[in-house]
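**Student:** got a sequence here, can you model it:
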Amino acid sequence: MAILEYKLQAGPHGMHCPDWVENGGYFYNPTDFTMVGWSRDNAEWYTPDTVVVLTPEELETRQVNMHNANPMQKMTESGEMESMTEEEVREQVQSWISSV
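**Tutor:** Numbers count the residues shown, from 1 in each chain. Predicted coordinates for the structure are as follows:
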């Protein structure tokens with residue numbers, strides 16, 4: 001699996017995930033409008049050479065840096081929002097990686 005950082009593409013019917021991303025829309029970064037998705041290794045279609053391919057460690061670092069700049073939120077059992085801890089951010093990334 002290749003973890004890809006990408007931006008949405010504009011098309012005749014609006015913004016959409018690039019066709020070369022098999023499953024995307026994760027971990028949106030409002031600073032540079034990028035998202036994360038994945039595609040299989042050695043896919044039979046062309047993926048642009050300019051696409052950023054992340055290792056699991058680089059994805060975790062990306063998310064922790066985003067969290068440090070603008071803390072990610074979670075809903076408590078009482079329905080209120082509170083900031084996630086850095087460890088929770090790391091666990092979220094690891095959970096996502098293990099699920100794809």
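**Student:** now do the helices in this protein.
**Tutor:** 56-69, 86-99 (DSSP state H).
**Student:** so which of these is nearest residue 25?
**Tutor:** Counting by Cβ to Cβ, residue 25 lies closest to helix 86-99 out of these; the figure is 11.7 Å. All C-beta atoms are positioned from the backbone trio N, CA, C, and that covers glycine.
**Student:** most centrally placed residue in the protein?
**Tutor:** In the chain, the centroid-proximal residue (Cα atoms, centre = their mean) is residue 36; its distance is 2.8 Å.
**Student:** in a markdown table: the helices of the chain, plus mean pLDDT and distance to residue 49.
**Tutor:** A markdown table is the format used below for those (pLDDT from 0 to 100; distance: least, Cβ to Cβ, whole Å):
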| stretch | mean pLDDT | distance to residue 49 |
| --- | --- | --- |
| helix 56-69 | 97 | 18 |
| helix 86-99 | 96 | 24 |
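**Student:** make JSON lines from these and add mean neighbour count to it.
**Tutor:** Output for the helices of the chain, formatted as JSON lines (neighbours: other Cβ atoms under 10 Å):
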{"stretch": "helix 56-69", "mean neighbour count": "15"}
{"stretch": "helix 86-99", "mean neighbour count": "14"}
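**Student:** quick one: closest of those to residue 32.
**Tutor:** Nearest to residue 32, of those and by Cβ to Cβ, is helix 56-69 at 10.0 Å.
**Student:** next, the angle from the closest one to helix 86-99.
**Tutor:** Following axes from the mean of the first three to the mean of the last three Cα atoms, to 10 degrees, one obtains 140 degrees for the angle between helix 56-69 and helix 86-99.
**Student:** please compute how far helix 56-69 lies from its chain's middle.
**Tutor:** Relative to its parent chain, helix 56-69 has a centroid offset of 10 Å by Cα atoms, centre = their mean, to the nearest Å.
**Student:** from residue 63, how far out is the closest residue to residue 97 other than its chain neighbours?
**Tutor:** Among residues not flanking residue 97 along the chain, residue 56 sits closest, at 5.1 Å (Cβ to Cβ, 6 or more residues apart in numbering). Applying Cβ to Cβ, to the nearest Å, the value for residue 56 to residue 63 is 11 Å.
**Student:** no further queries at this time; thank you.
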